[in-house]
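Novice: Turn this into a model:
(one chain, ligands or ions: 1)
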Amino acid sequence: MKHASLQAPTSLQANDLSWGPKGQPDLLSNISFHAEPGRILGVIGPNGAGKSTLLRLLYRFHRPRSGQVSIDGQDLWQLSPRTAAQKIAAVLQEQPTDFALSVGEIVALGRTPHRRGFSQIGSRDKIIIDTALATLNLQGFAKRSFGTLSGGERQRVMVARALAQEPHVLILDEPTNHLDIRHQLEVLLLLRNLDMTIITSLHDLNLVGQYTDDVLVLADGRCLAFGPSDQVLTEQLVDRAFGITSRIERLMPSNQSHFTFHLEP
Ligand SMILES: Nc1ncnc2c1ncn2[C@@H]1O[C@H](COP(=O)(O)OP(=O)(O)OP(=O)(O)O)[C@@H](O)[C@H]1O
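Specialist: Sure thing, here's the model as predicted:
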């Protein structure tokens, strides 16, 4: 069952995006794709392919050098920063450095775009924060200072903060980093059950096959493929993107397809 969301699922469209640091050549060129309401889009590709850079364009950290990101047909850069923050939340690889804040205070930061000026946290905010903590099994951590948590616990706090933001679109950069296999599966299952548009970079191609609906494959700052994961994730495509030899095997009794990977001698 999907977790209920007050937000209408939203589509995100990227049209012919290019970006590079000021005065330098493009690091990303001519990237186009769409993320559909309620679906999970996986962004994959080798180290340095441009995954994090692309995500930075989607949560309005970088402004495209050319092309456009639009949300339900509206250019992301035509929205006020506050409106954009009400629509899009991001869970990043870099975590806050304010280690003295408590877990509850960090999750409460997710409410910032919805609050007026310096208004206090209201009763609805409190319910949303508590629900986000409970969803990530963090109730017992609310008073702990962030700096005392393990890497995996911190990662879950950052997902809880993003959920407290009640975004329409959730962007995650390697959300399973630092997580043991149980917590990886829990976070991916949670994403699967959220009624939001989700765009996430992931390295584990078997998890990509299992948990995403669509996939965008990047290599060297360009789009190699985009489409439904079960059609795009072929041996040929994976071999080309990562410079390896892969094999798809069918697991029994689950009948799931599973990649194995090899380096040619
Ligand atoms: N602001 C910047 N200035 C210069 N180079 C940059 C900048 N941002 C990213 N790069 C370079 O762009 C390339 C793509 O980086 P990016 O972090 O997007 O890759 P990635 O696919 O997320 O890699 P990984 O899987 O290793 O996390 C890298 O070579 C990186 O060094």
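Novice: State the phi and psi torsions of the closest residue to A85 other than its chain neighbours.
Specialist: Leaving aside its chain neighbours, A85 sits nearest to P113 (3.7 Å; criterion: CB to CB, 6 or more residues apart in numbering). Where you see a C-beta, it was placed from the backbone N, CA and C, and this is true even at glycine. Main-chain torsions, P113, degrees, to the nearest 10: phi -70, psi -20.
Novice: what's the burial count for P113?
Specialist: 19 (other CB atoms under 10 Å).
Novice: residues in contact with it?
Specialist: For P113, the contacting residues are 82, 85-86, 165, by CB atoms under 8 Å, 6 or more residues apart in numbering.
Novice: Show me which pair in the residues you listed is furthest apart.
Specialist: R82 and Q165 (11.8 Å; CB to CB).
Novice: give me the number of residues near S123?
Specialist: Quick note: S123 (other CB under 10 Å) scores 7 neighbours.
Novice: what separates it from the ligand, distance-wise?
Specialist: In this view, S123 and the ligand are 40 Å apart by CB to the nearest ligand atom, to the nearest Å.
Novice: residue boundaries of the strands in the stretch 1-150 of the chain?
Specialist: Under the criterion DSSP state E, counting those that start in this stretch, the stretch 1-150 of the chain contains strands at 12-19, 28-35, 40-44, 66-71, 74-75, 88-91.
Novice: Bridged to the residue positioned nearest the centre of the chain, which residues?
Specialist: The centroid of the chain falls nearest to L172 when counting by CA atoms, centre = their mean (1.9 Å). Following DSSP bridges, L172 is listed with bridge partners V91, T200.
Novice: so where's this structure shaky on pLDDT?
Specialist: 1-9, 117-118, 265 (pLDDT under 70).
Novice: can you list the residues of it near the ligand?
Specialist: 21, 27, 45, 47-53 (CB under 6 Å from any ligand atom).
Novice: hmm, 8 Å instead?
Specialist: 20-21, 24, 27-28, 45-56, 93, 173-174, 201, 203, 218, 221 (CB under 8 Å from any ligand atom).
Novice: follow-up on the earlier one: Q93 is in contact with the residue nearest to the centre of the chain, correct?
Specialist: No. The pair L172 / Q93 is not scored as a contact, 9.5 Å apart, by CB atoms under 8 Å.
Novice: deepest of the strands of the stretch 1-150 of the chain, which one?
Specialist: Mean neighbour count, computed with mean count of other CB atoms under 10 Å, is highest for strand 40-44 among those, reaching a mean of 26.
Novice: gap between that one and the chain center?
Specialist: 8 Å (CA atoms, centre = their mean, to the nearest Å).
Novice: Not counting that strand itself, show me its contacts.
Specialist: 33, 35, 51, 54-55, 191-192, 197-203, 205, 208, 211-218, 229, 241.
Novice: now the helices for the stretch 151-265 of the chain?
Specialist: 151-164, 181-192, 205-211, 229-232, 235-242 (DSSP state H, counting those that start in this stretch).
Novice: can you list the ones you listed in JSON lines and add mean neighbour count and distance to L41?
Specialist: Below are these laid out as JSON lines (neighbours: other CB atoms under 10 Å; distance: least, CB to CB, whole Å):
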{"stretch": "helix 151-164", "mean neighbour count": "22", "distance to L41": "16"}
{"stretch": "helix 181-192", "mean neighbour count": "16", "distance to L41": "11"}
{"stretch": "helix 205-211", "mean neighbour count": "19", "distance to L41": "10"}
{"stretch": "helix 229-232", "mean neighbour count": "16", "distance to L41": "9"}
{"stretch": "helix 235-242", "mean neighbour count": "16", "distance to L41": "16"}
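Novice: could I get the ones you listed as JSON lines with distance to Q78?
Specialist: Converted to JSON lines, these look like this (distance: least, CB to CB, whole Å):
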{"stretch": "helix 151-164", "distance to Q78": "23"}
{"stretch": "helix 181-192", "distance to Q78": "28"}
{"stretch": "helix 205-211", "distance to Q78": "32"}
{"stretch": "helix 229-232", "distance to Q78": "31"}
{"stretch": "helix 235-242", "distance to Q78": "34"}
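Novice: closest to L109 out of the ones you listed?
Specialist: The nearest among the helices of the stretch 151-265 of the chain, by CB to CB, is helix 151-164 at 5.9 Å.
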